[in-house]
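>>> got a sequence here, can you model it:
(chains A and B)
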Amino acid sequence: MLTKFYLLFGGAVVAAYLAAAALGWEVGSPQRQMLPADVRNSPGGYRSFHFWHAGYRGGK
Amino acid sequence: MSTVQANCPACGAEVLFKKGSSVVVVCSYCNSVVARTDRGLEDLGRVAEVTDSGSPLEVGLRGVYRGTAFELTGRAQLGHAAGGMWDEWYAAFADGRWGWLAEAQGRFYMSFQAPASVHVPPFEELNVSAPVPGIPVAVPLVVAEKGDARMVAAEGEIPYKLIPGESYQYADLSGAGGVFATIDYSEEAALVFVGREVEFEELGIAATERTREREARKVASAQLSCPNCGGPLELRAPDAAERVTCPNCGSLLDINQGKLRYLTTLKFVGFKFDIPLGAVAEFEGQKMTVIGQMTRSVEFEGTRYFWQEYLLYNPAVGFRWLVQSDGHWSYVRPVPPGEVTDGDKYARFGGRRFKKFQDATARVEYVAGEFYWKVEAGEQARAVDYVNAPGMLSKETSSFGGSQEVNWSHGTYMPVRDVAKMFGVELPRPTAPVAPNQPFPHKRVYKYWALFLLVALLASLAATLFDARRKIFEQTFVLQPQPTSTPTPDAAAATPATTTTGRPRVIRLPDGRTVTIPPGGAPVISPSPGTFTGTIPTPVEGGQVIFTDAFEIAPRQNLRVTAETNVDQSYMFVGGDFINEETGLVQQFDIPVEFYSGVEGGESWTEGKKEEDVYISALPGGRYTMRLEAQWEDWKGPSEPRLTVRVEQGVARGLNPALALIAISVIPLLVAFRHFSFERKRWADSAFNPYESSDSSE
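Numbers count the residues shown, from 1 in each chain, chains lettered A, B, ... in the order given. The predicted model follows:
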């Protein structure tokens, strides 16, 4: 039972790794968002949008 | 080839020497052994009439062995010290040779006399299992049996001077691949016969009416009556059985030519047998019948341990055993001694090494059913077991008077549910946690582990060797520095006691020195320790946003974004976004860069790097613009802040294969831990426990 489970589990892990290598997946990639169409179509486009990064990020 | 006709010196009947090289002929009328000598015929005395041993052979049969025709001209029956008997047939070959064809327990051994120049050790120097040098065969030979043989009966023409009733010493030798030899000490200079075990079919003997009858009879049972109680009993192997017990009164009976003789009444010892006599199950593709049940025991430190053996029989296969110990089962088949090499700690058989597990004197406690040797309660043998799961190699050495014999057998572990299913009976669960030859059930996990590791490592190696990385963007930005620090009247208020990260905080003073404030410690001024009077500057934050020109990103390739700065004693935080100009997809990323250095306790230290990177999963192919927002605090670099951003695709990364290796290794490591515990339990009852020394030290 354990052997069969491991065969499936290990096979899935290796398959996932091979798929990641083939498709360029990375573990823990940062989030993605979509710019609303009205923002893209507005004057200045995404350059005038204000959801970008802001604020203190760390340091000493 | 001329036939010599003569008259028996004892009875006057006609005797024929059909083979020119035969030495004696047994008179078919009076059983006198007639020898031809230089002075004429000589009567050597009478032998008993041969008994029907159930052999498929008979005098006069012709066959072809390894391309040479032969004829069986005679036969002798020899008695064994243990009470049994075997047949020896004499084959006159067309090329003038004589072959000795021994037959015992359904096995055949064809041998030919070796040249007289072969010298062998004296009988007294031979030991069972010990090698015998000097025999002209390709493989080493060991002594399988040594003892006395007695000439009991004979018929036909025989190629040597057979003396009725004469006893002589002999040794049977066994080698790998069925090689066989016999040393005959009947003459002053020992005679050596070498050959091999052969199948009946290899003798090229066409089936005669007699052989067909014998074969048919071998599979038929015989109905007899017990001489003690008169009750009926059935012989399931009438041609092979030497002993049988009465199912009605429990008497142990001797079988001699189909006649039963009462020996003793056995007292039941041990545990009840779960598989009945007569039960049938299929092993090795053949139906085997349980014809005997035996309880045996060994004693360790005053305690007697019992196990059960079931004798299985099929005329075409021979005898096999099914052994049950503590509820664990093994299927056991005999092994020629010459196939095994054994030492103090290990034995080798079939290319495998078996580790010694037990060495004890085994005793027969109780028997029921039929047996092919003259078994009796109390019979003892030295039993040495070697294990290599699922196999167990057993060596049993026994003595009968001056005779010694060694028997090797190989057992294969069988799950109790399989045995129960095969016989259609209910069997109790094992009482011992692990049997000596029980295989660890999850061993195949290691094979799969190795396979997965190999695939993952090869894939990782291929990704590294064929690294398809390419740079798709690189640009250096000169950022606008912020105004200088604002003096603060209250130095203590402007200087936090600790840092957000718990690391020393370093502040550059207006006079060029630095103040290092360790977490929870007093500030240290370097390089010249001392006091500072004045104001400590308050950190001032700065920042700038940049949009790059659009560039192409290929699909199905990861991205690595590297930020390189000239930051010193400070940090620069780079927040970035890839923006797909067509779809509006935004992929965020953060790259914090910080670099600090100083001297503490006389030792210099650095922390952080001026270059950091981040990996991002592949984006849909298309044109992207990058938005970069750089933030920093108290820029103190030698020049204005500079930021170089580089974007690469198809970069092989070690993290993914490392995570895959960890993921596929967790279960095997847990299994290995369990395996270790399993092995400790296996060897717990062994006198050769390899874990014992570590146990005693605990």
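>>> for B:E71, give its distance to chain A.
According to C-beta to the nearest C-beta, to the nearest Å, B:E71 and chain A sit 59 Å apart. In this view, the C-beta of every residue, glycine as well, is placed from N, C-alpha and C.
>>> that residue: what secondary structure?
Secondary structure, DSSP: H, G, I helix; E, B strand; the rest coil: B:E71 is strand.
>>> wait, it touches B:L57, no?
No: counting by C-beta atoms under 8 Å, B:E71 does not reach B:L57; the two are 11.5 Å apart.
>>> higher neighbour count, the two?
B:L57 (23 against 17; other C-beta atoms under 10 Å in any protein chain shown).
>>> tell me the SS of the more buried one?
coil.
>>> pretty sure it contacts B:E155?
No: at 11.7 Å, B:L57 does not count as touching B:E155 under the criterion of C-beta under 8 Å.
>>> who's B:Y109 bridged to?
B:A102, B:E197 (DSSP bridges).
>>> tell me where the longest helix sits in chain A.
Longest helix of chain A, by residue count under DSSP state H: helix A:2-23.
>>> next, see if that one gets close to chain B.
Yes: using C-beta under 8 Å from any C-beta of the partner chain, helix A:2-23 reaches chain B at A:2-3, A:5-7, A:9-11, A:13-14, A:16-18, A:20-23.
>>> residues in contact with residue 14?
No chain in the question, so chain A it is. B:452, B:455-456, B:660, B:664 (C-beta atoms under 8 Å, 6 or more residues apart in numbering or on different chains).
>>> look at chain B instead
Contacts of B:E14 (C-beta under 8 Å, 6+ apart): B:5-8.
>>> where does chain B have low pLDDT?
B:1-2, B:82, B:207-221, B:257, B:481-524, B:526-542, B:636-638, B:693-698 (pLDDT under 70).
>>> so which bits of the top strand by length along it are buried?
Using DSSP state E to define each element, chain B has its longest strand at strand B:352-371. Residues of strand B:352-371 classed as buried: B:354-358, B:360, B:362-371 (neighbour count, 16 or more other C-beta atoms under 10 Å in any protein chain shown).
>>> I'd like to know which of those is nearest to B:A281.
B:G369 (15.4 Å; C-beta to C-beta).
>>> grab the nearest non-local neighbour of that closest one.
B:G292 (3.8 Å; C-beta to C-beta, 6 or more residues apart in numbering or on different chains).
>>> secondary structure element for the one you found?
strand B:286-300 (DSSP states H and E).
>>> toward the C-terminus from that strand, list the very next helix or strand.
Assignment by DSSP H and E places the next element after strand B:286-300 at strand B:303-314.
>>> export that following strand as CSV, just CAs?
What follows is strand B:303-314, C-alpha atoms only, in CSV (Å, rounded to 0.1, in the frame of the first residue of the first chain):
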residue,chain,number,x,y,z
THR,B,303,13.3,-23.1,27.0
ARG,B,304,12.1,-25.4,24.2
TYR,B,305,10.8,-23.7,21.0
PHE,B,306,8.6,-25.6,18.7
TRP,B,307,7.8,-25.4,15.0
GLN,B,308,5.9,-27.5,12.5
GLU,B,309,6.9,-29.0,9.1
TYR,B,310,4.5,-30.3,6.5
LEU,B,311,5.9,-32.8,4.0
LEU,B,312,4.6,-32.2,0.5
TYR,B,313,4.7,-34.8,-2.2
ASN,B,314,4.1,-34.9,-5.9
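>>> relative to strand B:352-371, how tilted is that strand?
80 degrees (axes from the mean of the first three to the mean of the last three C-alpha atoms, to 10 degrees).
>>> please pull up the helix or strand immediately following strand B:303-314.
Next element after strand B:303-314 (DSSP H and E): strand B:318-325.
>>> rewinding a little: can you give me the neighbour number for the residue nearest to B:G369?
Count around B:G292 with other C-beta under 10 Å applied: 26.
>>> for it, name its beta-bridge partners.
B:L311, B:G369.
>>> got a list of what it touches?
Taking C-beta under 8 Å, 6+ apart, one finds B:277, B:310-311, B:367-371 in contact with B:G292.
>>> now with 10 Å, please.
B:236-237, B:241, B:243-245, B:277, B:309-313, B:319, B:321, B:367-372, B:375 (C-beta atoms under 10 Å, 6 or more residues apart in numbering or on different chains).
>>> cool, B:P620 as well?
Taking C-beta under 10 Å, 6+ apart, one finds B:553-556, B:580, B:582-583, B:585, B:587 in contact with B:P620.
>>> hmm, which of the residues you listed are the buried ones?
B:553-554, B:580, B:585, B:587.
>>> out of those residues, who's nearest chain A?
Within the buried ones among the contacts of B:P620, proximity to chain A (C-beta to the nearest C-beta) peaks at B:Q587, which comes in at 5.1 Å.
>>> distance check, the closest one against B:A630.
Counting by C-beta to C-beta, to the nearest Å, the gap from B:Q587 to B:A630 is 18 Å.
>>> what does B:I183 give?
In terms of C-beta to C-beta, B:I183 sits 97 Å off from B:A630.
>>> what does B:V599 give?
Counting by C-beta to C-beta - B:V599 and B:A630 are separated by 29 Å.
>>> neighbour count winner among those two?
Shown here are B:V599 and B:A630; by other C-beta under 10 Å, B:A630 has more neighbours (24 against 13).
>>> thinking the more buried one is in contact with B:V574, fair?
Yes: if you go by C-beta atoms under 10 Å, B:A630 and B:V574 touch, sitting 5.4 Å apart.
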